[in-house]
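Q: what follows is a predicted structure for the sequence shown.
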Amino acid sequence: SGIWSNAWAEIRGIGYIMDGLKMSSLDAETKAYYEGIARLNRAWQYYQLVRMFGDVPWIEKALDPTDPEVYAGRTDRDVIMNNVLADLNFANGVITGTNKTTWNNGMVNAMKAEICLYEGTFCKYRTLADNGKAADEARANAFLEECVNACEAVFAHEYSLNDTYKGNYNSDNL
């Protein structure tokens, strides 16, 4: 499936960025910013994989095709989503500003809100029969609280909705 292979190609590229940043001569703040962008994108890719496939391997570095970790077993989806939340929180701390033409804090929080809403409701309504794990109220509440916090942060930027559906796609003003 292209969904599977394309996501892993992106995650591998993110691994190269993360590995390269460790050796970079950039100042610490700039490195953190680019690491935040990389981790935000890794979080999004893993979110998409978990939604489609459930448990998937967790890989934190660029792998050589001959590396045995390429064939690693699946990691529990709860562990994956905890790592996704850690990536989102890291990105939220280093991607600041509200520039609408580049990576910004509002976008980080919007992505975090979507991912945490998904995970929170999944944990609340999952069943042993469907997913092999019972509902987890504490986990659901933790992710849903993160969703609420991210939504409040987005609304604090004073974004507004267009009055019409057409206005979403025919605007010449960012």
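A: Everything's here; your move.
Q: now the residue nearest to the spatial centre of the chain. Its backbone dihedrals?
A: With distances taken as C-alpha atoms, centre = their mean, Ala43 lies nearest the centre of the chain, 2.6 Å away. Main-chain dihedrals, Ala43, degrees, to the nearest 10: phi -60, psi -40.
Q: so who does it touch?
A: Contact analysis of Ala43 by C-beta atoms under 8 Å, 6 or more residues apart in numbering lists 84-85, 87-88, 91, 111, 115. C-beta coordinates here come from the backbone N, C-alpha and C atoms, glycine included.
Q: so it versus Asn89, what's the distance?
A: 10 Å (C-beta to C-beta, to the nearest Å).
Q: where do the helices sit along the protein?
A: Using DSSP state H, the helices of the chain run over residues 2-23, 28-53, 77-94, 105-125, 128-131, 137-156, 165-169.
Q: what's the angle between the second one and helix 105-125?
A: Using axes from the mean of the first three to the mean of the last three C-alpha atoms, to 10 degrees, the interaxial angle of helix 28-53 with respect to helix 105-125 works out to 30 degrees.
Q: chain center to helix 28-53, what's the gap?
A: Relative to its chain's centre, helix 28-53 lies at 5 Å (C-alpha atoms, centre = their mean, to the nearest Å).
Q: and it, what's buried?
A: For helix 28-53, burial by neighbour count (16 or more other C-beta atoms under 10 Å) applies to 31-47, 49-50.
Q: quick check: the residue nearest to the centre of the chain vs Glu114, distance?
A: For Ala43, the distance to Glu114 - C-beta to C-beta - is 11 Å.
Q: ok, back up a step: which one of the helices of the chain lies closest to Leu63?
A: Leu63 lies closest, by C-beta to C-beta, to one member of the helices of the chain: helix 2-23, at 6.5 Å.
Q: angle of that closest one against helix 77-94?
A: 50 degrees.
Q: same for helix 2-23, what does it pack against?
A: Here helix 2-23 touches helix 28-53, going by 3 or more C-beta pairs under 8 Å, 6 or more residues apart in numbering; DSSP states H and E.
Q: what's the pLDDT at Asn173?
A: Listed pLDDT for Asn173 reads 69.
Q: hang on, the earlier thing: mean pLDDT lowest for which of the helices of the chain?
A: helix 165-169 (a mean of 79).
Q: how about Cys123, nearest residue that isn't a chain neighbour?
A: If the residues on either side of it in the chain are set aside, Cys123 comes closest to Ala140, at 4.0 Å by C-beta to C-beta, 6 or more residues apart in numbering.
Q: make sure the one you found is actually in contact with Leu117.
A: No. Applying C-beta atoms under 8 Å as the test, Ala140 and Leu117 come out as separate, 10.6 Å apart.
Q: many thanks, I have nothing further to ask.
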